[in-house]
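**Student:** Give the three-dimensional model of this entry:
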Amino acid sequence: MSSSQERTARSFVERHGLWSEEQFAAAADVERSIEQSGIEVVRLSFADQHGILRGKTLIACEAIRAMRDGCSITTTLLAKDTAHKTVFPVFTPGGGFGMPEMEGAGDFLMIADPTTFRVLPWSPHTGWMLCDMYFGNGAPVPFSTRHLYRQALARLAAAGFDYHAGLEVEFHVFKLENPCLAPDDATWPGAAPEVSLLSQGYAYLTETRFDQMEPLLEALRRDIMKLGLPLRSVEIELGPSQCEFTFQPQTGLVPADTMMLFRSAVKQICRRQGCHASFMCRPKVANVMPSGWHLHQSLIDRRKGANAFAAHGPEWLSATGQHFLAGLLAHARAAAAFTTPTINGYKRYRTYSLAPDRAIWGRDNRGVMVRVLGGTGDSTRLENRVGEPAANPYLYMASQIFTGLDGMAHALEPGLSADTPYEMEAPLLPKSLEEALSALRDDACLADGFGKGFIDYYLRIKKAEIARYNSEVTEWEQREYFELF
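**Tutor:** Numbers count the residues shown, from 1 in each chain. The predicted model follows:
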């Protein structure tokens, strides 16, 4: 074969240098697994701007080819808000994004990351891989949130650190009474399902409440562990039909990938069990409690291989940890657009509750935004309690890295903690998504980290959601004004 023929024969991945040696080795293992274990179809999925998995299902032999040459999918998926409605003029020059690659609802390529391959336990003939997004010229799609998180990790690595994160995720599981599949329910977005409770709640961490939900929780536990996710505990939370899963800490890209697969798996497993799982922060179901996502995080010193937050004196945090914490607090209002990206999520924040309402820290204090845990050794970490479980994990974690690095670069100090014996003045967290977006628009640190182009893109999508919300006549308005006036 001539050199020109050899170049022509090379795959898209090889031509553009998209995989590491580890990924090439993993791809060979995936091929053997597909051929030898009876896999019939493979789902190729990517995380969209909202942290929702989208993609295509390929016949197994086609999936093997698509691993290296990509699977095409429309760029309009990146133009949608949470109602799956397109909010950019995709048929205008530049597709509304100012990029010819996204004009006219053109395609991009999903390139599988073979290190993410799983066999789905609830559908054992089905393989699954998480994908990255590339244009036909080999350039990464700039609105790929997994790619943006990689950039944050690379910036952190250049500073000499790796990101280490553990997940603590609350969510609801209800019995599905009516999936609302009548034609009249097929509005855009569709009617919400009708549900009932699996437990009455308000008996926090009692064994009897756990046992009421155990049949469903056991199905979840088994399949989550079969996926290889590092599940640590399964717990009953305070509210009705509310539970919490926690995971061992992981490093780099992996904890965000874990959150993506976990949420999607839970919803699929529950639906097959006749239940409905929701990571919505505060569902409109009578008497339920809001759910949060607490992110436990620390940095690993790449040179020493040690926890960079661990203190070696009377302090609870090292200087690095204190500066990182200060960055989280200084940019908390703007970062809320990523930690709490839905309109509903802001209905969780309450004064003097377990959900924070201001940017303040404390030592082992569950009423603050950032709780400092440990103090010595590998267990030292910051628990950010501000996030909602619906957040895009790539954007949530990237926002932590960018703002923490800013605190380190400017040697910011976190100020006095909430543990001091007098009332602390601390910036209030945003009261609404609109307020958070306003703070994001003015935040130079996050604009530098994510890039102004992405911030403008994200603001437009979120403002479209707010505009739709503001145009709706709510039950509150009907009760308040219809009879009175």
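
**Student:** Only C-alpha atoms from now on, for both contacts and neighbour counts.
**Tutor:** Fine.

**Student:** phi, psi of residue 58?
**Tutor:** phi -110, psi 150 (degrees, to the nearest 10).

**Student:** wait, I meant residue 73
**Tutor:** Dihedral angles for residue 73 - degrees, to the nearest 10 - are phi -160, psi 150.

**Student:** go on, residue 278?
**Tutor:** Here is the backbone geometry of residue 278 (degrees, to the nearest 10): phi -140, psi 130.

**Student:** all strands of the stretch 301-450 of the chain, in order?
**Tutor:** Ranges of strands in the stretch 301-450 of the chain, per DSSP state E, counting those that start in this stretch, are 306-307, 361-363, 370-373, 381-387.

**Student:** and among those strands, the most buried is which?
**Tutor:** With neighbours taken as mean count of other C-alpha atoms under 10 Å, those reach their highest mean count in strand 381-387, at a mean of 26.

**Student:** mean pLDDT for the strands of the stretch 301-450 of the chain: which is lowest?
**Tutor:** Mean pLDDT values for those show the minimum at strand 361-363, a mean of 90.

**Student:** Can you list the buried residues in the helix or strand hosting residue 176?
**Tutor:** Remark: residue 176 resides in strand 161-178, with elements defined by DSSP states H and E. Buried residues in strand 161-178, defined by neighbour count with 16 or more other C-alpha atoms under 10 Å: 161-176.

**Student:** Between which two of those residues is the distance greatest?
**Tutor:** Maximum pairwise distance among those (C-alpha to C-alpha): 45.2 Å, between 161 and 176.

**Student:** Name the member of the buried residues of strand 161-178 with the shortest distance to residue 94.
**Tutor:** Closest to residue 94, out of all of those and judged by C-alpha to C-alpha, is residue 163, at 35.8 Å.

**Student:** tell me the contacts of that closest one?
**Tutor:** 153, 156, 251-252, 297-300, 401 (C-alpha atoms under 8 Å, 6 or more residues apart in numbering).

**Student:** now with 7 Å?
**Tutor:** Residue 163 sits next to 251-252, 298-300 when contact means C-alpha atoms under 7 Å, 6 or more residues apart in numbering.

**Student:** Remind me what the one helix or strand residue 13 maps to packs against, helices and strands.
**Tutor:** Secondary-structure assignment from DSSP H and E places residue 13 in helix 12-16. Applying 3 or more C-alpha pairs under 7 Å, 6 or more residues apart in numbering; DSSP states H and E, one finds that helix 12-16 contacts helix 60-69.

**Student:** Give me the buried positions along the helix it packs on.
**Tutor:** Neighbour-count burial for helix 60-69 flags 60, 63-64, 66-69 (criterion: 16+ other C-alpha under 10 Å).

**Student:** For those, give me TSV that also has distance to residue 208.
**Tutor:** Output for these, formatted as TSV (distance: C-alpha to C-alpha, whole Å):
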residue	distance to residue 208
60	45
63	46
64	48
66	49
67	47
68	51
69	52
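
**Student:** May I see the strands of the stretch 301-450 of the chain arranged in CSV, with distance to residue 101 as well?
**Tutor:** Shown next, in CSV, are the strands of the stretch 301-450 of the chain (distance: least, C-alpha to C-alpha, whole Å):
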stretch, distance to residue 101
strand 306-307, 43
strand 361-363, 44
strand 370-373, 41
strand 381-387, 34
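
**Student:** that older thread, can I get the helix holding residue 13 in PDB? Just the C-alpha atoms.
**Tutor:** What follows is helix 12-16, C-alpha atoms only, in PDB (Å, rounded to 0.1, in the frame of the first residue of the first chain):
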ATOM      1  CA  PHE A  12     -11.100   9.700  11.700                       C
ATOM      2  CA  VAL A  13      -9.700   9.100  15.200                       C
ATOM      3  CA  GLU A  14      -6.200   8.300  13.900                       C
ATOM      4  CA  ARG A  15      -6.200  11.200  11.400                       C
ATOM      5  CA  HIS A  16      -7.000  13.800  14.100                       C
END
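
**Student:** Tell me the first helix or strand C-terminal of that helix.
**Tutor:** Moving toward the C-terminus from helix 12-16, the first helix or strand encountered (DSSP H and E) is helix 21-36.

**Student:** Give me the next element, helix or strand, following that following helix.
**Tutor:** strand 41-47.

**Student:** what's in contact with stretch 111-125?
**Tutor:** With contact meaning C-alpha under 7 Å, 6+ apart, stretch 111-125 is reached by 23, 26-27, 30, 38-41, 44, 67-68, 70-71, 126-133, 223, 226-227, 269.

**Student:** make it 8 Å
**Tutor:** 13, 22-24, 26-27, 30, 38-41, 44, 66-71, 126-134, 223, 226-227, 269.

**Student:** same check, this time on stretch 440-457
**Tutor:** Contacts of stretch 440-457 (C-alpha under 8 Å, 6+ apart): 97, 142-143, 148, 152, 331, 333-335, 337, 399, 402-403, 406, 459.

**Student:** Give the buried residues for that stretch.
**Tutor:** For stretch 440-457, by 16+ other C-alpha under 10 Å, it's 440-441, 445-447, 449-450, 454-455, 457.

**Student:** just stretch 285-293 next, same as before
**Tutor:** Residues of stretch 285-293 classed as buried: 288-293 (neighbour count, 16+ other C-alpha under 10 Å).

**Student:** Now go through those residues and say which are in strands.
**Tutor:** Using DSSP state E, residue 293 are the members of the buried residues of stretch 285-293 that sit in strands.

**Student:** For the buried residues of stretch 285-293, could you give me TSV that also reports pLDDT and distance to residue 215?
**Tutor:** What follows is these, written out as TSV (pLDDT from 0 to 100; distance: C-alpha to C-alpha, whole Å):
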residue	pLDDT	distance to residue 215
288	94	21
289	93	22
290	94	23
291	95	22
292	96	24
293	97	24
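
**Student:** Need the buried residues of stretch 285-293 in JSON lines (columns: distance to residue 191).
**Tutor:** Formatted as JSON lines, these follow (distance: C-alpha to C-alpha, whole Å):
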{"residue": "288", "distance to residue 191": "20"}
{"residue": "289", "distance to residue 191": "22"}
{"residue": "290", "distance to residue 191": "21"}
{"residue": "291", "distance to residue 191": "22"}
{"residue": "292", "distance to residue 191": "24"}
{"residue": "293", "distance to residue 191": "26"}
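
**Student:** ok, so of the buried residues of stretch 285-293, who is nearest residue 277?
**Tutor:** Among these, residue 291 lies closest to residue 277 (C-alpha to C-alpha), at 12.3 Å.

**Student:** just checking, the closest one touches residue 168?
**Tutor:** No: the pair residue 291 / residue 168 is not scored as a contact, 10.7 Å apart, by C-alpha atoms under 8 Å.

**Student:** In helices, which of the contacts of stretch 440-457 fall?
**Tutor:** 148, 152, 333-335, 337, 399, 402-403, 406, 459 (DSSP state H).

**Student:** Mind picking the two most distant members of these?
**Tutor:** Using C-alpha to C-alpha, the ones in helices among the contacts of stretch 440-457 reach their maximum pairwise distance at 406 and 459, which is 21.9 Å.
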